[in-house]
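Visitor: No sequence on hand, only this structure:
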């Protein structure tokens, strides 16, 4: 800290390991985890839908399930709000 820094000023640089920010460390760890998830789930599987059977990779099924979960989580509050406004 220099003489110009105030008492509440934080020093420049990250507060994490070796001066890296915790956000950068977390992003690297999540990136490595995502890469491992893709590598370990790259085998092909047969999926039986109601009328169709398809072969696809497990990672695509995981990504579709995550996307559907986000879509449902995004839609549900809006549907509930619309029901309350209509009463």
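Guide: Yes, it's here. Keep in mind it's a predicted model, so treat the numbers as computed, not measured.

Visitor: Find the residue ranges of the chain scoring beneath the pLDDT cut-off.
Guide: 1-17, 86-87 (pLDDT under 70).

Visitor: which helix is the longest one in it?
Guide: Among all segments of the chain classified by DSSP state H, the helix with the greatest residue count is helix 58-86.

Visitor: and it, which residues are buried?
Guide: Within helix 58-86, the residues scored as buried using 16 or more other C-beta atoms under 10 Å are 58, 59. In short, each C-beta sits where N, CA and C put it, glycine included.

Visitor: which helices and strands does that helix pack with?
Guide: When contacts are defined as 3 or more C-beta pairs under 8 Å, 6 or more residues apart in numbering; DSSP states H and E, helix 58-86 packs onto helix 22-40, strand 44-48.

Visitor: Identify all contacting residues around the last one.
Guide: Pointing back at strand 44-48 there. Contacts with strand 44-48, where a contact means C-beta atoms under 8 Å, 6 or more residues apart in numbering, come from 53, 54, 55, 56, 57, 58, 61.

Visitor: Select only the buried ones of these in ChimeraX?
Guide: Taking 16+ other C-beta under 10 Å as the burial criterion, the selection of buried members of the contacts of strand 44-48 in ChimeraX is written as:
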select :58
